[in-house]
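Visitor: coordinates for the following, if possible.
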Amino acid sequence: MPAKKKTASGAGSAQVGAIGLGIMGGSFAKHLLAAGFSVTGYDVAPDRMRALVRRGGRAAASGAEVAARSNIVITSLPSPAAFEKAFFGSEGIASGARQGTIVIETSTLPIELKEWCRKRLALLKIELLDCPISGTGAQAAAKDIAVYASGSRPAFNRCRAVFDGFARATYYCGAFGIGSKLKFVANLLVTIHNLSAAEAMVVGEKAGLDLQLLYEVIRNGAGTSRMFEVRGPMMVRGRYTPAHMKSEIYQKDIDIIRAFVRQMKCPTPLFDSSTPFYTAALGQERGKQDTAAIHAVLRQRAGLRGTTPSQRSRPAGKRKSARDRG
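Guide: Reported below is the predicted structural model:
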């Protein structure tokens, strides 16, 4: 069951830190500021820091400074190397946090790495929660994400108002690491469903269908999926930017899932069949593009060249919806 909602009445007492202000972390900070929280943030990219300040947040010079100013810190980090540096680098969280600080860790990373971090922080009386996110960057921007929280229940309870400040729903899932396991299962499905959406679009284009019509009809029927609904418009346009999840970053998620299922010796035939298309997208130098770019890989293999029909024929005015075509 989703955790029971609270209002942002706790905003006054929680000094929130945000480390990693990219597509996801930047959205978390934006929503928390809108909910009335005081937010101090740090990112290696100066433009992201400036965006935080424009929204009313406070920029810090390091992760240590963020931790020193906060009693709850949210981390959203792109890789194991960035994770280790953010926590245990010379100016990392561990060197600045006070006893009793809670860290909400939202990244998709190996469970073993997070558990190693949890144990080290526990020696400093700092609590780590494993809280991966279900949702794309676009969903995070719209506050349409779910949090899979795991770890200490009392620490989770102290963070309820913060979760409500940046997420649509928060689930307390149990012992530390269960949140990540659920996230791996969710991303396994995302990997498959994203490819199925691209496959449907390419079949439709080969059949001579209007792709906007296909999108509108399928998304309102039994064949839809959340990935079809979120990434279908990119595929209709044949444009995969701005990225809600960059292909080069998602490859890290694929590698984590692959290691996770192999460790359990669990068969994953659909996942295994899907992953080569993501590798091919990187081979076409589409790493900065959204994972919807696997659509371009399928189009090429189907012998489709150039722009999509939508790009070639879209008039200046607004296209009629399928319903209007009656």
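
Visitor: and residue 91, how far from residue 132?
Guide: In this view, residue 91 and residue 132 are 25 Å apart by C-beta to C-beta, to the nearest Å. For every residue, glycine as well, the C-beta is placed using N, CA and C.

Visitor: these two: who's more crowded?
Guide: residue 132 (25 against 17; other C-beta atoms under 10 Å).

Visitor: wait, that one sits on residue 111?
Guide: No. Using C-beta atoms under 8 Å, residue 132 is not in contact with residue 111, being 10.3 Å away.

Visitor: helix/strand/coil for residue 108?
Guide: coil (DSSP: H, G, I helix; E, B strand; the rest coil).

Visitor: now do the contacts for it.
Guide: By C-beta atoms under 8 Å, 6 or more residues apart in numbering, the residues touching residue 108 are 132, 180, 183-184, 187, 252-253, 256.

Visitor: ok, so of the residues you listed, who is nearest residue 104?
Guide: Among the contacts of residue 108, residue 132 lies closest to residue 104 (C-beta to C-beta), at 10.4 Å.

Visitor: and the pLDDT at the closest one?
Guide: In this model, residue 132 is scored at 98, pLDDT.

Visitor: any shared contact partners between residue 132 and residue 111?
Guide: Counting by C-beta under 8 Å, 6+ apart, the common neighbours of residue 132 and residue 111 are residue 180.

Visitor: name the surrounding residues that touch stretch 110-119.
Guide: For stretch 110-119, the surrounding residues in contact (C-beta under 8 Å, 6+ apart) are 80, 83-84, 87-88, 105, 128, 130, 151, 176-177, 180-181, 256, 259-260.

Visitor: and the strands in the stretch 151-300 of the chain?
Guide: Counting by DSSP state E, counting those that start in this stretch, the stretch 151-300 of the chain has strands at residues 169-174.

Visitor: residue ranges with poor pLDDT in this protein?
Guide: For the chain, the stretches flagged by pLDDT under 70 are 1-13, 312-326.

Visitor: the domain parsing of it - what is it?
Guide: 8-176, 182-312 (automatic domain parsing).

Visitor: could you say which of those domains is packed most deeply?
Guide: Among the domains of the chain, domain 8-176 has the highest mean neighbour count (mean count of other C-beta atoms under 10 Å), at a mean of 20.

Visitor: how much space is there between residue 32 and residue 167?
Guide: According to C-beta to C-beta, residue 32 and residue 167 sit 10 Å apart.

Visitor: now swap in residue 274 and tell me
Guide: Applying C-beta to C-beta, the value for residue 274 to residue 167 is 27 Å.

Visitor: cool, and residue 131?
Guide: 9 Å.
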